[in-house]
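S.K.: I would like to see how this sequence folds:
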Amino acid sequence: MKKIFLFLGIVFAATMIACGPTTDDAIKHNDGIVADQKKLLEMENDFVNTIVDGDDAADIKKAYKEYTAYIDETLKKYEEMDEFDDADTFRKAILDLLKEFQDIAKNEYKEMVDIYTMDAKELTEDDFARWEDLAEIVEEKEGKANDSFLDKQKEFAKEYDFSLE
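M.R.: Next comes the predicted model:
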């Protein structure tokens, strides 16, 4: 009797492993990643708005710190997460997106914060020109990263046969 239960247990386990993730699993995975992506974009928007709205330097630095902390925490979350399937397409896509946004935050946005929080009397034409260059760099890098992320999301949805809204 014990052998029968052991055999059935092994067959059941093998069947579950062989099945892999379902469409419902993929949808839940997609929705979780998209929720984190939306939060990332909201936090970036909040940070950028502190600059656009002319908030004081302390508020800008606080928003920048919160934004970069969110990127770091979310990146760690997905680095530590188990692979979704053999290809692991969409988890890798959010990792790539987060790494690019982290790079932008720690380089271009950091430099923009440094320029913006300088004493107005110390600002030069070079600072204003650099600001414009940085804004263009951010737009280009983020555009490419977002496009790549969306392409991988479409690939993932197609693989698991679900529609994106």
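S.K.: pull the longest helix from this structure.
M.R.: Ranked by residue count, the top helix of the chain under DSSP state H comes out as helix 125-159.
S.K.: what's the model's confidence in that one, averaged?
M.R.: Averaged over helix 125-159, pLDDT sits at 97.
S.K.: now do the buried residues in it.
M.R.: Neighbour counts using 16 or more other Cβ atoms under 10 Å place L134, V138, K141, E142, A145, F149, K152, Q153, F156, A157 of helix 125-159 among the buried residues. Glycine gets a C-beta too; all of them are placed from N, C-alpha and C.
S.K.: surely the first one meets V113?
M.R.: No - between L134 and V113 there is no contact, the gap being 10.3 Å when judged by Cβ atoms under 8 Å.
S.K.: ok, D55 - contacts?
M.R.: By Cβ atoms under 8 Å, 6 or more residues apart in numbering, the contact list for D55 reads A63.
S.K.: to clarify, my last question referred to E155.
M.R.: By Cβ under 8 Å, 6+ apart, the residues touching E155 are T89.
S.K.: make 45 the first number, not 1, from now on.
M.R.: Understood, numbering begins at 45; the last thing we discussed is E199.
S.K.: how close does it get to K136?
M.R.: Counting by Cβ to Cβ, to the nearest Å, the gap from E199 to K136 is 11 Å.
S.K.: ditto for D69
M.R.: Here D69 is placed at a distance of 17 Å from K136 (Cβ to Cβ).
S.K.: the spatially most central residue of the chain - nearest residue in space that isn't next to it in sequence?
M.R.: With distances taken as Cα atoms, centre = their mean, L142 lies nearest the centre of the chain, 3.7 Å away. Sequence neighbours aside, L119 is the residue nearest to L142 in space, at 4.4 Å (criterion: Cβ to Cβ, 6 or more residues apart in numbering).
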